[in-house]
Structures are given as structure tokens and as C-alpha cells.
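Peer 1: missing the sequence, but the structure's below:
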């Protein structure tokens, strides 16, 4: 299928998400290699780190949980709890969206939004890496 998220970390290094598969290109997007698959059933929105060339970080949101991979999508760990969930709003017109990640010493601050009809709520999660 078509990739839902693509980020070029450098002129040659790129990462793409298509469905629950993670692909990596090291030749500017001419050839792609499947390097991982998200086994997170509830994952539906991905954010590729703006510093992917250095940290290989990818984030996704599940049901009220933030997950992070720091090995380009090969493995995933829980990184934040208590995030807002569309289940509390009900209805099909709800989406949890990751907006941005900002590194700090030892982890990342991840900003997101819950959008439901005409209402939005911003949330912040700090993902501390071991």
C-alpha cells in the first residue's frame, strides 16, 4: 500500500510507514527494505523523529498509551500512560494525533492532540528512555 508517513532524515536516509510495516531507504528512496513491523494492534498514527538519522526513533499512539521504537521500528516499548483516548469521547469522528517530538537529555517530550468534531485537546507526554 501507499506509505502513510515518510521522512527523509538526510538526502540519502529515509524511513516510511505503510500500514503496520516500517521501511528504510539508504539511497534517497530508490530502494526500500522492510525492517520492522509494529505488532501494536491499536496503533494508527505514527510520528518519525525529526532527528531520525541520529536516534532512529518512531512514535505511535495506541489506546491511551504512547509507544516508542529507538531502533527504526524493529522493537517497541511503552513510553507513556494516561493519554487521552477516543473511547472517552465516543463516535467515529475522533482521532488521536501525534504532532511533534522534542529531545531532552535522556528522552523526548511528545506533543499530541485529540480531535473530536469541533473540539480539540492538546496533551504532552515525556518519554524517558533507559
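Peer 2: In hand now; what should we look at? The shown structure was predicted, so the numbers you read here are calculated from the model rather than taken from an experiment. Residues are numbered from 1 along each chain as shown.
Peer 1: Tell me, how many residues neighbour residue 34?
Peer 2: 12 (other C-beta atoms under 10 Å). All C-beta atoms are positioned from the backbone trio N, CA, C, and that covers glycine.
Peer 1: residues contacting it?
Peer 2: The contact partners of residue 34, taken as C-beta atoms under 8 Å, 6 or more residues apart in numbering, are 21, 22, 23.
Peer 1: What is the end-to-end distance of stretch 26-45?
Peer 2: End-to-end distance of stretch 26-45 (C-alpha to C-alpha, to the nearest Å): 24 Å.
Peer 1: let me fix that: stretch 35-52
Peer 2: 15 Å.
Peer 1: close enough to count as contact, residue 72 and residue 21?
Peer 2: No: using C-beta atoms under 8 Å, residue 72 is not in contact with residue 21; the gap is 12.0 Å.
Peer 1: Tell me which of the two has more neighbours.
Peer 2: Of the pair residue 72 and residue 21, residue 72 is the one with more neighbours under other C-beta under 10 Å, namely 20 against 16.
Peer 1: now the more buried one: how far from residue 120?
Peer 2: 31 Å (C-beta to C-beta, to the nearest Å).
Peer 1: Mutual contacts of residue 72 and residue 21, please.
Peer 2: Common neighbours of residue 72 and residue 21 (C-beta under 8 Å, 6+ apart) are residue 36.
Peer 1: Poorly predicted segments of this structure, please.
Peer 2: 1-3, 37-44, 62-65, 80-96, 115-119, 122-130 (pLDDT under 70).
Peer 1: how does it look with 80?
Peer 2: 1-5, 19-20, 36-46, 50, 60-67, 78-130 (pLDDT under 80).
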